[in-house]
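S.K.: need a structure here:
(one chain, ligands or ions: 1)
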Amino acid sequence: MKVAIVGASGAVGQEFLRVLEERNFPLDELVLFGSARSAGNEYAFKGKKLKVKELKHGDDFKDIDIALTSAGAGISKEFATTITKHGAIMIDNSSAFRYDDDVPLVVPEVNPEDSKIRSRNIIANPNCSTIQMVVALKPINDLSKIKRVRVATYQAASGAGAQGIAELEQQMKEVAEGKEATVNKFQYQLAGNLIPHIDVFLENDYTKEEMKMNWETKKIMHTNAEVSATCVRVPVARAHSEAIWVETEKPLSVDQVKDAFVATEGLSVIDTPAENQYPMPLFVSGKDDVYVGRLRKDITDPNSLTFWCVGDQIKKGAALNAVQIAEWLIKAGEVK
Ligand code: 2RA
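M.R.: Just a heads-up that it's a prediction; the model follows:
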C-alpha cells in the first residue's frame with residue numbers, strides 16, 4: 001500500500017502525518033507532495049525523515065494507491081487527473097468536488113457505502129462543521145426522520161489554517177501588551193471578538209460556510225431536511241463548537257436520544273450538568289471523537305431537541321475523517 005499526502009506542509013497535511021502514525025495505518029510507503037515553496041521540507045514519520053516533493057504534472061502518482069489531498073480547491077481541480085489517471089483513489093479535503101453528482105461525499109459513521117460510487121476515483125471529504133454535526137444527527141434521524149435543523153457554530157481560528165492560529169496567537173499577545181492588533185487573515189481583530197462571517201456572502205445573505213452545512217448534510221444523509229446555519233469565528237485555538245436544534249417527525253425523549261448517542265461509534269457523551277460536565281473545545285482538542293452534551297427538549301416545540309456538539313475540526317473535521325474513509329475502503333476490499 002503506497003499512500004501520498006498532497007499539501008503535506010499545511011495544518012491538515014501535518015495532521016495526516018500524525019493520524020496515519022497514531023492509527024498505524026497499513027502502508028508500505030508514504031510520499032509527501034507540496035508546492036514549490038514547501039518542496040524540500042522534511043517531516044518525521046515513524047522515526048524516519050520524509051522530504052516533500054514538488055507537486056507536478058507527470059507520472060509521480062503511478063504507483064500510489066491512495067492520495068490524501070489538502071492543498072485547496074484550485075490545486076485539487078488542477079491536479080485531479082494527474083493524481084487519479086493511473087488508478088490512485090483521491091480522498092480530497094477541499095471543496096472542489098463536494099457537490100459533483102459523480103463524487104461521493106463521505107462521513108464513515110454516516111454513509112460509508114457511498115464510497116463505492118467512484119466513477120472518477122475521487123471521494124470528497126466534507127467541510128469540518130458539517131462532519132461533526134452529521135455524526136450527531138445520524139442516530140437521531142435513525143430514531144425519527146429529521147425535518148429541520150437550526151445550528152449556530154463557534155468555529156476555532158485554526159479552521160482558517162496555520163495562518164489563522166498564528167494570527168490569533170499574535171493578536172492575543174498584542175492585546176495583552178496594549179498594542180494594536182495585526183489583522184491579515186480575518187476580516188477583523190479576532191482576539192476578544194466574535195466574527196459572524198466565514199467564507200463569502202451569497203445571494204441569499206447566508207455565507208458559503210453556512211450553505212455548506214445545508215448542501216452537504218443533504219448529500220451525506222440522503223435527506224431533504226433543510227439546515228439553517230449561522231457560522232461564527234471565535235477566539236478559540238482549536239475544535240469547533242455547535243449549538244444545534246433538531247425537529248423530528250415524531251417526538252423523541254431525551255433518554256431515547258441519549259441512549260442512541262451513547263451507542264454511536266465516534267460519538268462521546270459528556271452530559272452531567274449538575275456536575276458542570278459538558279464538552280468544551282479546550283478539552284476536545286486533539287481527540288478523535290465528536291462530543292455531545294447539554295441535551296434537552298426544546299421548550300418551543302414538542303418535536304424538537306437541542307444539544308451542544310464539539311469536535312476537533314483538524315482531526316475528525318478533516319484528516320481523521322479522510323483516513324477513516326481510506327481504512328473503510330481497505331476493509332471493504334475497494335483498494336487492492
Ligand atoms: C473554517 N470550515 O473553519 C472552515 C475550514 N474548512 O474556516
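S.K.: now do the contacts for the nearest residue to residue 71 once chain neighbours are set aside.
M.R.: Distance criterion Cβ to Cβ, 6 or more residues apart in numbering; nearest residue to residue 71, sequence neighbours excluded, is residue 7 at 3.3 Å. Every residue, glycine included, has its C-beta placed from N, CA and C. Going by Cβ atoms under 8 Å, 6 or more residues apart in numbering, residue 7 touches 13, 33-34, 69-72, 75, 93.
S.K.: now do residue 7 against the ligand, distance only.
M.R.: As for residue 7, its distance to the ligand is 13 Å (criterion: Cβ to the nearest ligand atom, to the nearest Å).
S.K.: over to residue 293?
M.R.: According to Cβ to the nearest ligand atom, residue 293 and the ligand sit 21 Å apart.
S.K.: output whichever strand or helix holds that residue as PDB, nothing but the C-alphas.
M.R.: Assessed by DSSP states H and E, residue 293 sits inside strand 290-297. C-alpha atoms of strand 290-297 as PDB (Å, rounded to 0.1, in the frame of the first residue of the first chain):
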ATOM      1  CA  VAL A 290     -17.200  14.100  18.300                       C
ATOM      2  CA  TYR A 291     -18.500  15.100  21.800                       C
ATOM      3  CA  VAL A 292     -22.100  16.000  22.600                       C
ATOM      4  CA  GLY A 293     -23.900  17.300  25.800                       C
ATOM      5  CA  ARG A 294     -26.400  19.700  27.100                       C
ATOM      6  CA  LEU A 295     -29.100  17.500  25.500                       C
ATOM      7  CA  ARG A 296     -32.600  18.700  26.400                       C
ATOM      8  CA  LYS A 297     -36.100  19.100  24.900                       C
END
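S.K.: give the pairing partners of that strand; include direction for each.
M.R.: Its sheet considered, strand 290-297 pairs with strand 267-269 (parallel), strand 304-311 (antiparallel) by DSSP bridges.
S.K.: relative to residue 216, which of those strands is closest?
M.R.: Among the strands paired with strand 290-297, the nearest to residue 216 by Cβ to Cβ is strand 304-311 (14.6 Å).
S.K.: tell me the average confidence for the closest one?
M.R.: If you average the pLDDT over strand 304-311, you get 98.
S.K.: any idea which helix or strand comes after that strand?
M.R.: Following strand 304-311 in sequence order, the next helix or strand is helix 320-331 (DSSP H and E).
S.K.: show me what counts as buried in that following helix.
M.R.: Neighbour counts over helix 320-331 (16 or more other Cβ atoms under 10 Å) mark 320-330 as buried.
S.K.: ok, now how distant is the residue in the chain sticking out farthest from the centre from the ligand?
M.R.: No residue in the chain sits farther from the centre than residue 178, which is 35.2 Å out by Cα atoms, centre = their mean. Residue 178 sits 29 Å away from the ligand, going by Cβ to the nearest ligand atom.
S.K.: pLDDT wise, what is that residue at?
M.R.: You'll see residue 178 listed with a pLDDT of 97.
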